[in-house]
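Colleague: Sequence plus predicted model, see below.
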Amino acid sequence: MLSGLNLNNTKKGMLIALCGFLSFAFADACAKWLGIYYETSHVIFWTYYVSLVFGLCLSPLLGGLKKTVQTKKLPIHLGRGICAFGISFFIVSALKGADALPLATLYTILFLAPFLITIAAIPLYKERVTHKNWLIIALGFLGILVAFRFGLTDFSINILYAFIALAFIVALSMLARPLDDNESILSLSFYPNLVILSLLGFYVLPDISLPAISHVPIFILNGILVTIGLSTIAYGFRIAPFAVVAPIHYIQIVLALALGYVMFNDLPDIWMILGGSIIIISGLLLVFSKDPVKRNF
């Protein structure tokens with residue numbers, strides 16, 4: 001479908017990754033809601049169980065299971081699985097308990113990722129970032145600072161969880177590039193799902209209970225969103241420069257603010273609205289930039 005739009009790999013990567021970032025915004029909202037009723041480990045287990053089943057059902061369209069299990073880059077896939085587990089565990093932990101972070105506060109921390117990913121890609125993958133794109137990235141980050149009045153004032157263990165999740169997000173992004181076209185699309189979600197379920201299985205299976213019938217649709221939705229997010233973001237980083245894909249993450253904040261208001265009554269103030277507007281502008285500038293980031297490999 002995207003090929004009919006006559007887009008180059010950079011634009012395709014940006015659009016595909018955007019689908020993933022928006023999917024994770026909805027998934028985080030689902031996780032926060034489910035965290036009200038279930039232990040963190042139970043939310044993660046059932047979410048990734050659904051994700052695994054959903055991916056397997058679509059495997060003929062995603063490269064097939066045979067190609068997936070015959071991968072020659074198993075260590076990379078396993079590393080991504082550990083990172084995905086860390087992200088899920090610490091995000092759900094940050095959104096639980098008496099000190100549960102509002103979605104907006106969580107994203108204040110997580111949206112440091114585009115800067116960190118762009119910086120990490122320079123020595124690791126020899127990417128050269130143009131001055132124009134640095135300015136656009138900085139504009140998006142300025143929008144975050146405006147939205148949250150230049151930082152956090154109260155520290156809690158949940159904030160620490162969010163920073164740990166941030167580190168895993170950067171590592172997960174860095175591990176996407178080595179997974180070239182020889183790897184199936186299914187592998188981008190299959191191995192993270194398998195690693196997470198394996199790590200949690202021995203811990204939760206002796207006493208885990210089935211979700212309440214009324215909560216099953218939310219678990220199913222969450223699992224589908226996680227599958228989409230894992231696959232599309234990794235694919236976007238695989239075909240396009242980190243420095244233009246990573247800032248698309250900023251657009252996610254607008255959806256996070258809306259979901260926080262609709263689902264949890266987190267009312268955005270004028271600063272958040274102004275910051276969100278700046279973020280949208282930066283995203284549009286990046287999409288239509290005629291000075292793409294150079295990839296030296």
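Modeller: Perfect, thanks for sending it.
Colleague: only C-alpha atoms for contact and neighbour calcs from this point on.
Modeller: OK.
Colleague: Okay, now the unreliable bits of the stretch 51-200 of the chain?
Modeller: Residues of the stretch 51-200 of the chain meeting the criterion pLDDT under 70: 103-104, 147-155.
Colleague: can you give me the helices in this structure?
Modeller: Here the chain has its helices, by DSSP state H, at 9-34, 40-57, 65-69, 74-94, 103-110, 113-125, 131-147, 157-174, 187-204, 216-239, 242-245, 252-264, 270-287.
Colleague: May I see the buried residues of the first one?
Modeller: For helix 9-34, the neighbour count (16 or more other C-alpha atoms under 10 Å) marks 10-34 as buried.
Colleague: Would you list the phi and psi of residue 182?
Modeller: Residue 182 adopts backbone torsions of phi -70, psi -10, taken as degrees, to the nearest 10.
Colleague: From residue 146, how far out is it?
Modeller: 43 Å (C-alpha to C-alpha, to the nearest Å).
Colleague: Please apply the same query to residue 110.
Modeller: In terms of C-alpha to C-alpha, residue 110 sits 15 Å off from residue 146.
Colleague: what does residue 211 give?
Modeller: Taken as C-alpha to C-alpha, the span from residue 211 to residue 146 is 40 Å.
Colleague: out of these two, which sits in the busier spot?
Modeller: Shown here are residue 211 and residue 146; by other C-alpha atoms under 10 Å, residue 146 has more neighbours (20 against 17).
Colleague: My guess is the more buried one contacts residue 275. True?
Modeller: Yes: using C-alpha atoms under 8 Å, residue 146 is in contact with residue 275, at 5.0 Å.
Colleague: what mean pLDDT would you report for stretch 36-45?
Modeller: Stretch 36-45 comes out with an average pLDDT of 87.
Colleague: May I have the distance across that stretch, first residue to last?
Modeller: Stretch 36-45: ends 16 Å apart by C-alpha to C-alpha.
Colleague: so how many other residues sit close to residue 182?
Modeller: Neighbours of residue 182 (other C-alpha under 10 Å): 12.
Colleague: again, but for the one 4 residues further on
Modeller: The criterion is other C-alpha under 10 Å. On that basis, residue 186 has 25 neighbouring residues.
Colleague: For residue 192, see how far away the closest residue to it other than its chain neighbours is.
Modeller: Leaving aside its sequence neighbours, residue 186 sits nearest to residue 62 (C-alpha to C-alpha, 6 or more residues apart in numbering; 5.0 Å). Residue 62 sits 15 Å away from residue 192, going by C-alpha to C-alpha.
Colleague: picking that back up, need the winner for burial among the helices of the chain.
Modeller: Compared across the helices of the chain, helix 242-245 shows the largest average neighbour count, a mean of 29 (mean count of other C-alpha atoms under 10 Å).
Colleague: Show me how far that one is from its chain's centre.
Modeller: 14 Å (C-alpha atoms, centre = their mean, to the nearest Å).
Colleague: Run through the neighbouring helices and strands of it.
Modeller: helix 9-34, helix 113-125 (3 or more C-alpha pairs under 8 Å, 6 or more residues apart in numbering; DSSP states H and E).
Colleague: relative to helix 40-57, how tilted is the first one?
Modeller: Counting by axes from the mean of the first three to the mean of the last three C-alpha atoms, to 10 degrees, helix 9-34 lies at 140 degrees to helix 40-57.
Colleague: name the helices or strands packed onto helix 9-34?
Modeller: So helix 9-34, by 3+ C-alpha pairs under 8 Å, 6+ apart, packs with helix 74-94, helix 216-239, helix 242-245, helix 252-264.
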